[in-house]
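> I need the structure of the sequence given here:
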Amino acid sequence: MTDNTTPLLIKRYASRRLYNTETSDYVTLEDISGFIRDGREVKIVDLKSGDDLTRQYLLQIIAEHESRGENVLPINVLTDLVRSYTTNAQSMVPDFLAASFDMLREGQSKMVETMTSPMSAVPGFDQIKAQQEAFMKTMMGGWSGPSEDDPEPEEMSDAKASELDEIKKQLADMQKALSQMNKK
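Residues are numbered from 1 along each chain as shown. As a prediction, this is how the structure comes out:
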């Protein structure tokens, strides 16, 4: 059994192949993505130089998912991220993003705690709970996109449309806050 608090060490060979040091086998970017989705931290290092390549490979994983149509990051958020590299907001953006995802994780933990509380007897609680679960699943990477069983957008129920509208509003609010930081 592995210790999930210790990052999984992946070594990149000169051939650019990635080697999982725990299982002694080669892995792909999709495998690494799976480790992360399962809650495991990873560290990717160049075997020869010892350079930490984790950031480079995580960005590559994100780019591959986005290019396959698994769009989590809206264009305006990506645009503002690019802008942040050329403004003095650059130093604030990492802290803002880290704090935002910390709040999402904390909210998810509190939501799980609350689901077992007397609040579940409150009228309408099930709908609120479903909306929060959908939002958290999407933001935390558990959503893999629509399946063949999912209805087409025009067949979407009012509740699902309402959930989608709420998620869009929350993302727009995050974008607005990020934009305001860039103006300062």
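> residues contacting L81?
For L81, the contact set (C-beta atoms under 8 Å, 6 or more residues apart in numbering) comprises V93. All C-beta spots, glycine's among them, are computed from the backbone N, C-alpha and C.
> what mean pLDDT does the helix or strand encompassing it have?
In this structure, L81 sits in helix 75-84 according to DSSP states H and E. When pLDDT is averaged over helix 75-84, the result is 84.
> shaky segments in this structure?
Within the chain, the stretches with pLDDT under 70 are 1-4, 89-91, 112-123, 137-157, 179, 181-184.
> Okay, domains of it per the record?
8-67, 75-183 (automatic domain parsing).
> The longest helix along the chain to helix 75-84, inter-axis angle?
Criterion DSSP state H: the longest helix present in the chain is helix 158-183. Counting by axes from the mean of the first three to the mean of the last three C-alpha atoms, to 10 degrees, helix 158-183 lies at 20 degrees to helix 75-84.
> chain center to helix 158-183, what's the gap?
Helix 158-183 sits 16 Å away from the centroid of its parent chain (C-alpha atoms, centre = their mean, to the nearest Å).
> With stretch 64-77 instead?
Centroid separation for stretch 64-77 versus its chain: 11 Å, with C-alpha atoms, centre = their mean.
> Just list the residues touching P7, thanks.
With the criterion set at C-beta under 8 Å, 6+ apart, P7 makes contact with R40, E41, V42, K43.
> From the residues you listed, keep the buried residues only.
R40, V42 (16 or more other C-beta atoms under 10 Å).
> now the contacts of P7 as TSV including secondary structure and distance to S49?
Below are the contacts of P7 laid out as TSV (DSSP: H, G, I helix; E, B strand; the rest coil; distance: C-beta to C-beta, whole Å):
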residue	secondary structure	distance to S49
R40	coil	24
E41	coil	21
V42	strand	18
K43	strand	14
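> what's the closest of the contacts of P7 to I61?
Lowest distance from I61 to the contacts of P7 (C-beta to C-beta) belongs to V42, with 10.1 Å.
> Just to check, that closest one is in contact with F35?
Yes: V42 lies in contact with F35 (C-beta atoms under 8 Å); the separation is 5.7 Å.
> Overlap of the contact sets of the two?
Counting by C-beta under 8 Å, 6+ apart, the residues touching both V42 and F35 are L8.
> Remind me which helix or strand R55 belongs to.
Using DSSP H and E, R55 falls in helix 54-67.
> Report the angle between that helix and helix 75-84.
Inter-element angle recorded for helix 54-67 and helix 75-84: 150 degrees (by the same axes, to 10 degrees).
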